[in-house]
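Trainee: how would this look folded up:
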Amino acid sequence: MKSLTTTSTDFLKKLSVILFLITFTITSSNGQGGTVSPYSRYGLGDLQFGGFASQLSMGGIAAGIKNQYHLNYSNPASYAALRFTTFETAVNAQLVSFETQQAKSHSNSANLSYLAIGFPVIREKWGASVGLIPFSDIGYDIRDEANIPQVGRVNYLFQGTGGINRFYIGTGFNVIKNLSFGINASYLFGTLQRTRKVEFPDQLYYFNTQSNVSTNIHDIYLNYGLQYTLQLGKEKQLILGASGALASKVKSTNDLLTFNYVINSAGLFSTKDTIEEISDQKGTTTLPVSWSGGAVFKKSERWTVGIDYTFQNWSKFKSFGANDSLNDSYRISAGGQFVPDYASLRFYKRIQYRAGFRYAQTYLRLKDTPLNEYALSVGFGFPLKIKSPPRVLPVISFTVEAGQRGTTSNNLLQEQFVRFHLGITISEEWFMKRKFD
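Mentor: Model (predicted):
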C-alpha cells in the first residue's frame, strides 16, 4: 500500500501552484494600501510589522521564536528549525475611530496580509522560505478649511494611497550545535502617491493649485538573524535571538506635477497651466539601521513565553535628500502561548491559547509631542486533524488586537483601533520516499 507522503514530483506541482499564488498576489497587491491613518502621510507611511498571525497574538514577539510547524520570517535563523514544509497566509480587517478636541470619525479597511512558504532542506538543521509581505502602507484623506480676510474660505486637501511590498527569499542553518544563522534577501517594490490641493471656493478669479508626487521604490534589502538555544532540562529551553539590518540606500524614482486649475459654476474641472513637471527623477531612499533582541522560554509545546525589544534609527532616514523630521523609534513586546496537551486526541486540549502586549514609540514627533502606540492582543490556534493524508497539519489562527495611537493634546489626532487577523498554516511532510507493503 502506498503512503500518502509527498514525492519530488508532487513537490514541483504544489510549488508551481504556490508560486502562481505569490505572483498573483504581487500583481494584485501592488499599490494597494492597508491603512486609513492620517499619520501615514509622513515618512514611508505606516510601517507594517511582518509577524504572522500566531506571533501577533503574542504581542509580536519574534527574535527568539522558532517552531517546526510555523514560519517566523522576522528572524531568518528560525528556518533552521523547520521539520515540515509550511504554508502561511492570512487576511486582516480593522475598525478605527479618530478623535480630536473638536470632532470624531470612523473608518475601516481589509486586505490580504501575507503569503509565504518554508521548507526544510535538511530537517531541523537547514531550512528556507519564500514569501510576500507588506513593508509599509499609506492611505489618508485629510481636509481642512481656513478663513482668510479679503480672500474668504481656503480649502486644504491632502490625499495619499499606495504602499511598499517585500518579496523575500531566505535561508537559515545551524552553524554549530544550538546556534543558527539566517538571512533574508528581499526585493522592495511599490509606489507612494501623495496629492495636495489648495482651493478658493469663494473666489471666481483665483486659480486653485494641485501637486501630485509619486515615489517609486525598487531595490534589494537584506536582513539577518541569530538564535541560540540553551537546553535547561529534558523539556525546557531558553532561546536567545537577535536580528537586524544595516542602513541601506535603495533605488527610488520621483514624478512631480504641479498645476493650476479652476472649477466652473457647473462643477467642471479645467486645467489652466503647469507650474512644475519632473518625470523619472532618479535618487535614493535611505532605510536606517534596525535591530531587535529577545528571549523565549519554552516547556515542551505546553508553555511558550517571551519578550522582545526593537530599535530603528529613523532619524537617519532620507528620501531624495529630505528626512521628513523623523525620530528614532522602539518597540517592546511580550506575550506567550499555552497548549493543554498538544498530543491529545481531544480537540479542545490541542487548542493554542495566546495573549500579548506591545508598546511603541513611533518615528513621529509632531508639535513637540511624541506619538506613542500600545496594544493588547489575544488569539487562538485551532489545530485540525485530518485522517488522510496523515502528515498534513492545518492550523487556523484567529487574533484580535485592540490599541491606541496618538493623543488629542496639542490639537493632534488620537486613533483607537481593533484589528482582526485570520491566518491559515498548513504543514506537511514533503520529500518522503513512497513505501510499499
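
Trainee: shaky segments in the chain?
Mentor: Residues of the chain meeting the criterion pLDDT under 70: 1-34, 50, 265-267, 386-392, 430-437.

Trainee: how about the helices in it?
Mentor: Secondary structure of the chain by DSSP state H: the helices cover 8-29, 53-56.

Trainee: packing partners for the last one?
Mentor: Applying 3 or more Cβ pairs under 8 Å, 6 or more residues apart in numbering; DSSP states H and E, one finds that helix 53-56 contacts strand 352-366, strand 369-383, strand 392-406, strand 414-428. Quick note: C-beta positions are derived from backbone N, CA and C, even for glycine.

Trainee: and residue 160, which of those is closest to it?
Mentor: strand 352-366 (14.7 Å; Cβ to Cβ).

Trainee: what's across from residue 95 in the sheet?
Mentor: In this structure, residue 95 bridges to residue 108, residue 418 when assessed by DSSP bridges.

Trainee: so it makes contact with residue 415?
Mentor: No. Contact criterion Cβ atoms under 8 Å: residue 95 and residue 415 do not qualify, at 10.9 Å.

Trainee: of these two, which one has the most company?
Mentor: Higher neighbour count among residue 95 and residue 415: residue 415, with 20 against 15, using other Cβ atoms under 10 Å.

Trainee: nearest residue to the middle of the chain?
Mentor: By Cα atoms, centre = their mean, the chain has its centre lying nearest to residue 48, at 3.1 Å.

Trainee: ok, it touching residue 135?
Mentor: Yes. Residue 48 lies in contact with residue 135 (Cβ under 8 Å); the separation is 6.3 Å.

Trainee: hang on, the earlier thing: what is the neighbour count of the closest residue to the residue nearest to the centre of the chain other than its chain neighbours?
Mentor: Of all residues not flanking residue 48 in the chain, residue 134 sits nearest, at 4.2 Å (Cβ to Cβ, 6 or more residues apart in numbering). The number of residues packed near residue 134 is 24, by other Cβ under 10 Å.

Trainee: for residue 128, see how far away residue 134 is.
Mentor: 21 Å (Cβ to Cβ, to the nearest Å).

Trainee: go on, residue 84?
Mentor: 13 Å.

Trainee: neighbour count: these two, which is higher?
Mentor: Taking other Cβ under 10 Å, residue 84 and residue 128 do not tie; residue 84 has more neighbours (22 against 19).

Trainee: any idea what the residue nearest to residue 48 is bridged to?
Mentor: Beta-bridge pairing of residue 134 under DSSP bridges involves residue 165.

Trainee: isn't it up against residue 166?
Mentor: Yes. Using Cβ under 8 Å, residue 134 is in contact with residue 166, at 7.2 Å.

Trainee: for the nearest residue to residue 405 once chain neighbours are set aside, give me its contacts.
Mentor: Spatially, and ignoring its direct neighbours in sequence, residue 405 is nearest to residue 373 (4.0 Å; Cβ to Cβ, 6+ apart). Applying Cβ atoms under 8 Å, 6 or more residues apart in numbering to residue 373 gives the contacts 359-360, 362, 403-406.

Trainee: next one: residue 247
Mentor: 286-289, 313, 316.

Trainee: can you get me a residue count around residue 273?
Mentor: Using other Cβ under 10 Å, residue 273 has 8 other residues around it.

Trainee: residue 312 too?
Mentor: Counted with other Cβ under 10 Å, residue 312 comes out at 24.

Trainee: please report the distance of it from residue 140.
Mentor: The spacing between residue 312 and residue 140, counted by Cβ to Cβ, is 22 Å.

Trainee: what sits closest to residue 425 if chain neighbours are left out?
Mentor: Of all residues not flanking residue 425 in the chain, residue 395 sits nearest, at 4.4 Å (Cβ to Cβ, 6+ apart).

Trainee: before we move on, what about residue 271?
Mentor: Closest residue in space to residue 271, ignoring its immediate chain neighbours: residue 261 at 5.0 Å, by Cβ to Cβ, 6+ apart.

Trainee: my read: the one you found touches residue 268, true?
Mentor: No. Applying Cβ under 8 Å, one finds residue 261 not in contact with residue 268, separated by 10.4 Å.

Trainee: the two: which has the busier surroundings?
Mentor: Neighbour tally, residue 261 and residue 268, criterion other Cβ under 10 Å: the higher count belongs to residue 261, 15 against 8.

Trainee: enumerate every residue touching that one.
Mentor: Counting by Cβ under 8 Å, 6+ apart, the residues that residue 261 touches are 207-210, 269-272.

Trainee: one more: residue 375?
Mentor: By Cβ under 8 Å, 6+ apart, the contact set of residue 375 is 357-358, 401-404, 417.

Trainee: pull out the buried residues from these.
Mentor: Buried members of the contacts of residue 375, counted by 16 or more other Cβ atoms under 10 Å: 357-358, 401, 403, 417.

Trainee: of those residues, closest to residue 429?
Mentor: Proximity of the buried ones among the contacts of residue 375 to residue 429 (Cβ to Cβ) peaks at residue 401, which lies at 32.8 Å.

Trainee: so what's the closest one up against?
Mentor: With Cβ under 8 Å, 6+ apart, residue 401 has these contacts: 56, 375-377, 417-419, 421.

Trainee: nearest to residue 39, of the residues you listed?
Mentor: residue 417 (11.7 Å).

Trainee: need the nearest residue in space to that closest one, chain neighbours excluded.
Mentor: The shortest distance from residue 417 to any non-neighbouring residue, by Cβ to Cβ, 6+ apart, is to residue 96 (4.7 Å).

Trainee: how near is that neighbour to residue 397?
Mentor: As for residue 96, its distance to residue 397 is 22 Å (criterion: Cβ to Cβ).

Trainee: comparing the two, which residue is more hemmed in?
Mentor: residue 397 (25 against 18).

Trainee: nice, that's everything, thank you.
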